[in-house]
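Engineer: return a 3D structure for these sequence lines:
(one chain, ligands or ions: 1)
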Amino acid sequence: MRFITADQIFSGKVFFPSHTVLVLDDKNTISDITSLDSIEKSNVEHFKGIITPGFINTHCHLELSHLKNVIKQHTGIVDFGLSVIKNRNNQSPEAQLEAIRQADREMREQGIVAVGDISNTNVSIEAKKQSDLFYHTFIELIALNPERADLVFDAGKHLLSEFSKAQLSASLAPHAPYSASLELIKKISEDCSKLNKPTSIHNQESNAENDFFNSKSGDYLRLYDTINVPIDYFKATGKSSLQSIVSEFHKKINTLLVHNTFTNKDDIENVQKTHSHLYWCLCPNANLYIENILPDIALLHSTNCQLTIGTDSLASNSQLSIIDEINTILKQQVNFSIEVLLQAATFNGAQFLGIETQFGLIEKNRNSGINLIEGSSGNYLAKKLA
Ligand SMILES: [Zn+2]
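Structural biologist: Coordinates of the predicted model:
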């Protein structure tokens, strides 16, 4: 039995009153939440800093872990993507798997307890099966050509069955608006609806994505030209990418929009009119690495977007740490509410993944992991406490 308290304790949604004490049993389950007055003081461990539930990383690509320090910074998304395509198979499967295991250990040490992980192959299955972390895998599908939707969907279902056979939670996810046809997005979202599982899509990571949809212009024409894929069938919509695709998503299925770097107020208000199960994932370190710009986080918050936090992959980040993503936001926006960011990093992420009865909250009879955040705003460090 342990009795622990700290300067502040965050439940996943709000701060507990000061002098709250968490009572942990031998398996780190919270057997009681009580007040300092009711406990013999010499039994209480007092920590300097903030106690939180274990963190939820809603966007990662374990498969790209071997690309740490390989891809140049600040090139923009098109050259970043081309460099990933060129380099992703440049190491042996054994080296890739070892990099995945190392990334998994790193996340555990950083207080992450659950991960939404994008996968294009089965290479991460063994590491996920053996991990202490909870993984939900998003099988990522790519096909802008509507005629390829059935073929790509069927291949995705086959890969999905490999994860399911390994007892791993998984569902399908379209890669991005510029790389998935409306037909493919609709099939994926309907499949998620049947399975009652969440889905995810990269959204407005660059302005080129909006140019592509608004007027079929910009840097994505160069991408398709470079990889030699004709896109005669693609027609401009005269709208932003998000507004062009949102109608294909099922309204009742939790859908994660990842990045949102070039999302404006009109986009947010427009999609929120019809879709109430959208979550908005912030990956600030990756945004700085690739485009060297951050999304308008204050706008996303003030328009009631349900925020979550992701690390993206080691191809576009130096570490997989939720607290480091929070530090990056707080360095840019010193007055931004830590409470909002901690909720994004805990309860919101768990709710998006549909695991909120197990993770994301400090509550009696739960074991959602317990972290301690030390240090000062913008320079926080997190460690796993229990
Ligand atoms: Zn990503």
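Engineer: any idea how far Glu339 is from Pro198?
Structural biologist: 24 Å (CB to CB, to the nearest Å). Glycine gets a C-beta too; all of them are placed from N, C-alpha and C.
Engineer: and these two? Which one has more around it.
Structural biologist: Using other CB atoms under 10 Å as the criterion, Glu339 and Pro198 rank with Pro198 on top: 24 against 13.
Engineer: phi first, then psi, for the more buried one.
Structural biologist: Dihedral angles of Pro198 (phi, psi; degrees, to the nearest 10) stand at phi -80, psi 160.
Engineer: gap between it and Phe163?
Structural biologist: On the measure of CB to CB, Pro198 and Phe163 end up 14 Å apart.
Engineer: can you check Ile338 too?
Structural biologist: Distance check for Ile338 against Phe163: by CB to CB, it reads 35 Å.
Engineer: between these two, tell me which one has more neighbours.
Structural biologist: Neighbours per residue (other CB under 10 Å) separate Ile338 from Phe163, with Phe163 holding more: 22 against 17.
Engineer: can you tell me the element that one falls in?
Structural biologist: Here Phe163 sits within helix 149-165, counting by DSSP states H and E.
Engineer: helices or strands up against that helix?
Structural biologist: Helices and strands touching helix 149-165, by 3 or more CB pairs under 8 Å, 6 or more residues apart in numbering; DSSP states H and E, are strand 134-141, strand 169-174, helix 182-195.
Engineer: who wins for proximity to Glu325 among these?
Structural biologist: Each of the helices and strands packed on helix 149-165 has some distance to Glu325 by CB to CB; the shortest is strand 134-141, at 18.7 Å.
Engineer: so what does Tyr279 have for phi and psi?
Structural biologist: Main-chain torsions, Tyr279, degrees, to the nearest 10: phi -120, psi 150.
Engineer: and it, what pLDDT?
Structural biologist: With respect to pLDDT, Tyr279 has a value of 98.
Engineer: how many neighbours does the residue nearest to it when sequence neighbours are not counted have?
Structural biologist: Closest residue to Tyr279 apart from its sequence neighbours, by CB to CB, 6 or more residues apart in numbering: Phe352 at 4.3 Å. Residue neighbour count, defined by other CB under 10 Å, stands at 28 for Phe352.
Engineer: my guess is Asp219 meets Asn210, correct?
Structural biologist: No. Contact criterion CB atoms under 8 Å: Asp219 and Asn210 do not qualify, at 11.1 Å.
Engineer: who's more crowded, those two?
Structural biologist: Each of Asp219 and Asn210 has its neighbours counted (other CB under 10 Å); Asn210 has more, 23 against 16.
Engineer: list the contacts of the more buried one.
Structural biologist: The contact partners of Asn210, by CB atoms under 8 Å, 6 or more residues apart in numbering, come to 204, 240-241, 262.
Engineer: which of those residues fall within helices?
Structural biologist: Ser241 (DSSP state H).
Engineer: neighbour-wise, which of the contacts of Asn210 leads?
Structural biologist: The residue in these with the most neighbours, by other CB under 10 Å, is Ser241 (28 neighbours).
Engineer: wait, what's in contact with it?
Structural biologist: Contact analysis of Ser241 by CB under 8 Å, 6+ apart lists 177-178, 203-204, 209-210, 212-213.
Engineer: repeat that for Ala155.
Structural biologist: When contacts are counted by CB under 8 Å, 6+ apart, Ala155 is found next to Leu141.
Engineer: hang on, the earlier thing: so can I have JSON lines of the helices and strands packed on helix 149-165 showing distance to Phe80 and mean neighbour count?
Structural biologist: Shown next, in JSON lines, are the helices and strands packed on helix 149-165 (distance: least, CB to CB, whole Å; neighbours: other CB atoms under 10 Å):
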{"stretch": "strand 134-141", "distance to Phe80": "16", "mean neighbour count": "25"}
{"stretch": "strand 169-174", "distance to Phe80": "19", "mean neighbour count": "25"}
{"stretch": "helix 182-195", "distance to Phe80": "23", "mean neighbour count": "20"}
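Engineer: where does the stretch 51-200 of the chain dip in pLDDT?
Structural biologist: Judged by pLDDT under 70, the stretch 51-200 of the chain has no weakly predicted residues.
Engineer: let's see stretch 267-278 as CSV, backbone CA atoms only.
Structural biologist: The C-alpha trace of stretch 267-278 is given here as CSV (Å, rounded to 0.1, in the frame of the first residue of the first chain):
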residue,chain,number,x,y,z
ASP,A,267,-13.1,24.8,-41.8
ILE,A,268,-13.7,24.1,-38.1
GLU,A,269,-17.2,25.7,-38.0
ASN,A,270,-18.2,24.0,-41.2
VAL,A,271,-17.3,20.5,-40.2
GLN,A,272,-18.5,20.8,-36.6
LYS,A,273,-22.0,21.6,-37.9
THR,A,274,-22.3,18.0,-39.2
HIS,A,275,-19.8,16.0,-37.2
SER,A,276,-19.6,15.9,-33.4
HIS,A,277,-17.2,12.9,-33.1
LEU,A,278,-14.1,14.7,-34.5
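Engineer: what does that stretch rub up against?
Structural biologist: Stretch 267-278 has contacts (CB under 8 Å, 6+ apart) with 204, 240, 242-243, 246-247, 249, 251-257, 299-300, 303-306.
Engineer: ok, so of the contacts of Ser241, who is nearest Lys384?
Structural biologist: Asn203 (31.0 Å).
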